[in-house]
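>>> Return a 3D structure for these sequence lines:
(chains A, B and C, ligands or ions: 3)
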Amino acid sequence: MKAFELLRPASLEQALELLPKPADRERVRVVAGGQDLYTEMKDRLIEPDQLLDLKRLAGFDRLEIDGAGNVTLGALLTLSRVAEHAGLRASLPLVGEAALSIASTQIRNVGTVGGNLNQRPRCWYYRHPGAHCLKKGGSECFSKEGFNKYNAILGGGPSYIVHPSDLAPALVAAGAEVVLAKKGSSRTLPLEQYYTLPRDGDPLRETVLGSDEILTHVRIPAPAAGWKSTYLKFKERGSFDFALASVAAGLVVEAGVVRSARLVLGGVAPIPWRAKAAEEFLAGKPAQPATWREAAAIALSKAEPLSDNEYKVALSQNLIERAFTRLTT
Amino acid sequence: MTTIVDYMGGGFGAKFGLGVEGQAACEAALELKRPVHLMLTREDEFLTAGNRSGAVIQVRAGVAKDGTLTALQGEIQRLGGVGGGSFSGFPYIYKLRDEKGLHSSIRSVYTHFDAARAMRAPGHVQASFAIESALDELGYLAGVGALDIRKQNLTDQVYHRQLDRAAKEIGWEAHPNKLAPQERPDAAGTKTGIGFAISTWGGGGHEECRVRVAVGRDGSLTATVGTQDLGNGTRTYVAAIAAEEFGLPLEAATARIGNTSYGRANASGGSTTAASLAPAVKDAAFNAAKALREHLAKGLGRGAAELAFRGGSVVESSGGKALMTWKEACATLGSAGISADGEWRSELAGNGVHGAQAAKVQVDLSTGRVRVLKMVGVQDCGLPLNRTAVESQLNGGMIQALSYALHEERVLETGLGLMLNANFVDYKIAGCQEMPELVPLIDEEDIGRGVIGMAEPAIVPGHSAIANAIFNACGVRLRSLPFTPDKVLDGLALLAANGGAK
Amino acid sequence: MPPESPDPRQHVSRRSFLKGAGGVAAAGGALGAAKAFAAAPTTERLSGTVEIELLVNGEPRKVKVEPRTTLLNALRNHCEPPVTGPKLVCDRGSCGACTVLLEGQPVYSCMQLAVDCTGRAVTTVEGLAVDGKLSTVQEAFVAHDALMCGFCTPGFVVSISACLQKNPKATREELQQACSGNFCRCGTYPRVFEAALDAGRKLQGGR
Ligand SMILES: Cc1cc2nc3c(=O)[nH]c(=O)nc-3n(C[C@H](O)[C@H](O)[C@H](O)COP(=O)(O)OP(=O)(O)OC[C@H]3O[C@@H](n4cnc5c(N)ncnc54)[C@H](O)[C@@H]3O)c2cc1C
Ligand code: FES
Ligand code: FES
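Numbering: from 1, shown residues only, chains lettered A, B, ... in the order given. Ligands and ions are numbered 1, 2, ... in the order given. Below you'll find the model as predicted:
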């Protein structure tokens, strides 16, 4: 790791003052738990001169559920606390399940909500210091023609990364919003719009976060009455691993008929992939296996697998069926 | 130059030669005239410190109706990077009754990757996978089943005995789908299968170790030898053998090992350490005990043969009457104490072991995930020096085999010339969540053969047994390692396309 | 609902750790370091070499480190005498050999900055023993021969101790889940979990 200066603002205002201009983005990096950032620094993928440490900002590590059931997660809340929160598990099981599926006990004890949502891709080319790929300012996404077993089957091009966060698909499925603060103002936007496809935005980044912004909170609206949800993560290895594919699913079923559905896929696209067509299809359909199978087919109908990842299509479809089955039995 | 290795971590290979890392450390130490601590990064480790040789193997084979091998052809390409690679011969263990039906060719294909080095049972793991897969496939085709096709082509009855024991322990008798993959998935969408495979290894000792056993006037008992420890097994049996000779508890003896200034010792590899070292320790301890008895006999006015060491005392060899305590006996020694050297004794060591393993797996048809539910390892090793340690080695062999069966793969990007996954996130090894029920069984029927090493055969058959169990479960024959979900799903899709899967 | 884990920031004591070594200054100007901490909280800046005090196994340990020095590196290479229980293997939070307790919670010490650990209790495998007597978990590891080469052992002992501390009745599955960030190349897992379950039984039966 290259030597750096550690800045420890004592208040959000101080932190916002210290955020860099776009040109200095690589020089000054925000750090929360560091469980992703330090690995990038140790591999010298990034070599910031300054780290802006958020850990001393008071009040951003809270998990609050108000009387109406709306949830607020502070950006500095650790993943362990999200995973273990009984109230959250009761109302929004998919969020707790997603948090518990992340990495290991040791990382969950330190890693934060903000860090998880803003972690960088795990594509093997991006993570290899010797591969100057598109994501690092190079001209080519090597995975397209190279090793792409773990890469995107949906929304790919010109980069084919998959977004590695487990919290993100669960929170998108829960309809979460993120609060972004910058000096003198803040904005709130749906988490779904926080992530950008490489073809729509800057392929060097995965989100719309400005260099002068910090993600401070995540807000999850109270779930509708009867909403059931789950997060199903499929890992190649049972011990800690990133998702080969994951499914965040939510359903309201009344009298055997689907009233509304949410379906977001992880591990298959550069962003948490909301399967809107499948959601629309589901509304009004009988809650039964044939429906799930058809919805799964619709969700993956636009998939464009690369040479080594066609298996992700069937895998995702099967996981979707399994998730909805779990919610209705 | 003195090499000091107090504790070295697990030693699973790449230990015979100095290696570039060893050379670098030596040169730096010579240059600086100071001790040097060289620590490789994981990436360096993957790229320069040696890996198992790869192999591409093509097999054609035919059997008679009863499963007897009649024709067998193997074309083997060893992939050892800039080295020759390793392969332990074809066919592996199994024999054709008529050798005329056998043809094989072995070639090395050289590439620009670093030279392969020895890794736990070099060559055997590759050879096992080829023959065990081919034979298994023929067993189903001939309709004799996975267990009988093996016995049919093995003349050595030890394998029959070990395979039967593994079959019993894994539950083969009650297994519903012995002759074909499971037809319908169970309620959870899974299918279950059982597979077998066998191993062999030398593990014999050599005339290499010089051991000194010394008894001090203060009652101390020390066995000294230059060899290093791979883990803590060597240290333990060196002390145990010496202590036993003097009728003392294990804690009473000290093993001094891991220092080349302690004297000649064997190079560590080939599972030869136990069979090379244990006889020499026994010999030295025997000689030292004899010398001590002679010394004590003089003082006690008896014949040396009338004395024995038992339960921390010097006793009458007939009758066992205590004559003096160990402490009292040692106090009669001069300041130099008593010591004796020992050498390898061929009659105390054997050579050549077998081994049979069975694996039970569950395949999730929706995700392609293979879960190993249970593994049974039956292993002979002549005289087991420490049953706990032998069982742990057997467990460890099965677990490492499970690990490279399901996960481990060095991904080399030939276009860019990079190893893409030289770290522990992306190069996956099995962890806590992958652990099956493990049943390590020591086959003690040939215990009289003396000490034989067994750490390497323990790793040989596991992956083959798992591959065969996957086929037995779901009908997918996986021909390349590791058996990851993508390959299982692709295999299932192919079966479905051919109208094979339900 | 389980009790919330303590807020780490409450334990960061502003007085305890920074001596005015190179690079420590308040954001707004040339205040001396000592004064800066007494004044209203401002942005702290750390660079170069700083002297900090770690609380390792109940003992204060002064070390000179840089902001980039990991806790693991500080323990093994900057403490005198060194604390070598935690092992360096991957240096990337992916093997578990460096696991220590930070305020009672298992973390990877290779993934913590030493300067972030001041004023927080660091417990390594050495610190689990009480008055030179092995802890229940440590004793169980010995009794069950739950190690081969022993390299992963300190990490497993720490992870299992933390898990059983929370819940001595933890099942095999819960223990495996708690240790899914610890890896053993030798494959000692079966005996590790035998030892852990045995220790759990002793902890329930005992005090
Ligand atoms: C071995 C290993 C396994 C892992 N497995 C998983 C897994 O299975 N699933 C998964 O989802 N993740 C996984 N991770 C990734 C990740 O480290 C953790 O999920 C963790 O949440 C990161 O949080 P942190 O607070 O430590 O982030 P940091 O490392 O501090 O930050 C990560 C990134 O986010 C930025 N950032 C942090 N906080 C904010 C904020 N408030 N506003 C704006 N930007 C911010 C940082 O600048 C940095 O770029 C794994 C990591 C490792 C090392
Ligand atoms: S050395 Fe810290 S987790 Fe591997
Ligand atoms: S005992 Fe050797 S790594 Fe675990």
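>>> interface residues of chain B facing chain C?
B:7-12, B:39, B:41-42, B:230-233, B:388-389, B:392-393, B:395-400, B:403, B:423-425, B:429, B:431-433, B:435, B:438 (C-beta under 8 Å from any C-beta of the partner chain). Glycine gets a C-beta too; all of them are placed from N, C-alpha and C.
>>> Looking at those, which are in helices?
Cross-referencing the residues of chain B next to chain C against helices under DSSP state H gives B:42, B:233, B:388-389, B:392-393, B:395-400, B:403.
>>> List the residue ranges of chain C that fall below the pLDDT cut-off.
By pLDDT under 70, the weakly predicted segments of chain C are C:1-40, C:206-207.
>>> Ok, the stretch 301-450 of chain B next?
In the stretch 301-450 of chain B, no residues with pLDDT under 70.
>>> where exactly do the helices run in it?
Along the stretch 301-450 of chain B, the segments classed as helices by DSSP state H, counting those that start in this stretch run B:326-331, B:387-406.
>>> Now do the strands in the stretch 1-150 of chain A.
Ranges of strands in the stretch 1-150 of chain A, per DSSP state E, counting those that start in this stretch, are A:5-8, A:28-31, A:50-53, A:63-65, A:71-74.
>>> I'd like those strands as TSV, with mean pLDDT appended.
Shown next, in TSV, are those (pLDDT from 0 to 100):
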stretch	mean pLDDT
strand A:5-8	98
strand A:28-31	98
strand A:50-53	98
strand A:63-65	98
strand A:71-74	98
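>>> So which of the ones you listed is nearest B:Ala336?
Closest to B:Ala336 of these, according to C-beta to C-beta: strand A:5-8, at 61.1 Å.
>>> Which elements pack onto the closest one?
strand A:50-53, strand C:44-46 (3 or more C-beta pairs under 8 Å, 6 or more residues apart in numbering or on different chains; DSSP states H and E).
>>> does it come close to ligand 1?
No: against ligand 1, strand A:5-8 shows no contacts by C-beta under 6 Å from any ligand atom, the least distance being 12.8 Å.
>>> what sits against the residue in the stretch 201-329 of chain A that chain C sits nearest to?
For the stretch 201-329 of chain A, the residue closest to chain C is A:Ser239, as judged by C-beta to the nearest C-beta, at 4.3 Å. Contacts of A:Ser239 were listed using C-beta atoms under 8 Å, 6 or more residues apart in numbering or on different chains, and they are A:Ser104, B:Ala430, B:Gly431, B:Cys432, B:Gln433, B:Glu434, C:Ser180, C:Gly181, C:Phe183.
>>> how does it look with 7 Å?
B:Gly431, B:Cys432, B:Gln433, B:Glu434, C:Ser180 (C-beta atoms under 7 Å, 6 or more residues apart in numbering or on different chains).
>>> Could you do C:Glu66 as well?
Applying C-beta under 7 Å, 6+ apart, the residues near C:Glu66 are A:Ala3, C:Gly48, C:Thr49.
>>> Measure how buried the first one is and give me the count.
Pointing back at A:Ala3 there. Close neighbours of A:Ala3, defined as other C-beta atoms under 10 Å in any protein chain shown, add up to 13.
>>> now the chain, which segments are flagged as low pLDDT?
Picking chain A for this. Checking chain A against pLDDT under 70 turns up nothing.
>>> To clarify, I was referring to chain B.
For chain B (pLDDT under 70), the answer is B:500-502.
>>> domain parsing for it?
For chain B, the structural domains run B:54-203+B:350-497, B:210-347, going by automatic domain parsing.
>>> deepest of those domains, which one?
Among the domains of chain B, domain B:54-203+B:350-497 has the highest mean neighbour count (mean count of other C-beta atoms under 10 Å in any protein chain shown), at a mean of 21.
>>> Now do that domain: distance to the chain's middle.
14 Å (C-alpha atoms, centre = their mean, to the nearest Å).
>>> And ligand 3, is that domain touching that?
No: using C-beta under 6 Å from any ligand atom, domain B:54-203+B:350-497 stays clear of ligand 3, with a minimum separation of 8.3 Å.
>>> Next, see if that domain gets close to ligand 2.
No: using C-beta under 6 Å from any ligand atom, domain B:54-203+B:350-497 never reaches ligand 2; the gap is at least 7.0 Å.
>>> With stretch C:88-100 instead?
Yes: for stretch C:88-100 and ligand 2, the contact criterion (C-beta under 6 Å from any ligand atom) is met by C:Leu88, C:Val89, C:Cys90, C:Asp91, C:Gly93, C:Ser94, C:Cys95, C:Gly96, C:Ala97, C:Cys98.
>>> measure B:Gly145 to B:Thr414 for me?
41 Å (C-beta to C-beta, to the nearest Å).
>>> circling back to that earlier point, now distance to B:Leu154 too, for the helices of the stretch 301-450 of chain B, in JSON lines please.
Listed next are the helices of the stretch 301-450 of chain B as JSON lines, based on distance: least, C-beta to C-beta, whole Å:
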{"stretch": "helix B:326-331", "distance to B:Leu154": "50"}
{"stretch": "helix B:387-406", "distance to B:Leu154": "20"}
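>>> quick one, which of those helices is nearest to A:Ala10?
The nearest among those, by C-beta to C-beta, is helix B:387-406 at 47.3 Å.
>>> What is the closest one packed up against?
Applying 3 or more C-beta pairs under 7 Å, 6 or more residues apart in numbering or on different chains; DSSP states H and E, one finds that helix B:387-406 contacts strand B:370-380, strand B:437-443, helix B:462-474, helix C:189-205.
>>> Would you map the strands across the stretch 151-300 of chain A?
With DSSP E, counting those that start in this stretch as the criterion, the stretch 151-300 of chain A has strands spanning A:177-182, A:185-190, A:214-220, A:227-235, A:243-254, A:257-266, A:273-274.
>>> Skip ahead from whatever helix or strand C:Ala140 lives in and say which helix or strand is next.
Assigned by DSSP states H and E, C:Ala140 belongs to helix C:136-143. Per DSSP H and E, the first helix or strand lying C-terminal to helix C:136-143 is helix C:153-166.
>>> hang on, the earlier thing: turn the ones in helices among the residues of chain B next to chain C into TSV, including distance to B:Gly368.
What follows is these, written out as TSV (distance: C-beta to C-beta, whole Å):
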residue	distance to B:Gly368
B:Arg42	28
B:Gly233	38
B:Thr388	37
B:Ala389	37
B:Ser392	32
B:Gln393	31
B:Asn395	27
B:Gly396	27
B:Gly397	26
B:Met398	22
B:Ile399	22
B:Gln400	22
B:Ser403	18
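>>> Tell me which two of the residues you listed sit farthest apart.
B:Arg42 and B:Thr388 (30.9 Å).
>>> near ligand 1, which residues of chain C show up?
So chain C meets ligand 1 at C:Gly93, C:Ser94 (C-beta under 6 Å from any ligand atom).
>>> And the helices in chain C?
Going by DSSP H, chain C shows helices at C:33-38, C:71-73, C:136-143, C:153-166, C:172-178, C:189-205.
>>> For A:Ala83, find the nearest of those helices.
helix C:172-178 (11.0 Å).
>>> and the closest one, does that touch chain B?
Yes: using C-beta under 7 Å from any C-beta of the partner chain, we find that helix C:172-178 touches chain B at C:Gln176.
>>> that older thread, quick one: the contacts of A:Ser239 as a markdown table, columns for distance to A:Ala277 too.
Converted to a markdown table, the contacts of A:Ser239 look like this (distance: C-beta to C-beta, whole Å):
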| residue | distance to A:Ala277 |
| --- | --- |
| B:Gly431 | 38 |
| B:Cys432 | 40 |
| B:Gln433 | 35 |
| B:Glu434 | 37 |
| C:Ser180 | 36 |
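>>> Quick check: residues of the stretch 201-329 of chain A near chain B?
A:Phe234, A:Glu236, A:Arg237, A:Gly238, A:Ser239, A:Asp241, A:Leu244, A:Tyr311, A:Ala314, A:Leu315, A:Asn318, A:Arg322.
>>> Name the residues of the stretch 101-250 of chain A found near chain C, please.
So the stretch 101-250 of chain A meets chain C at A:Ala103, A:Ser104, A:Thr105, A:Gln106, A:Ile107, A:Asn109, A:Val110, A:Ser239, A:Phe240 (C-beta under 7 Å from any C-beta).
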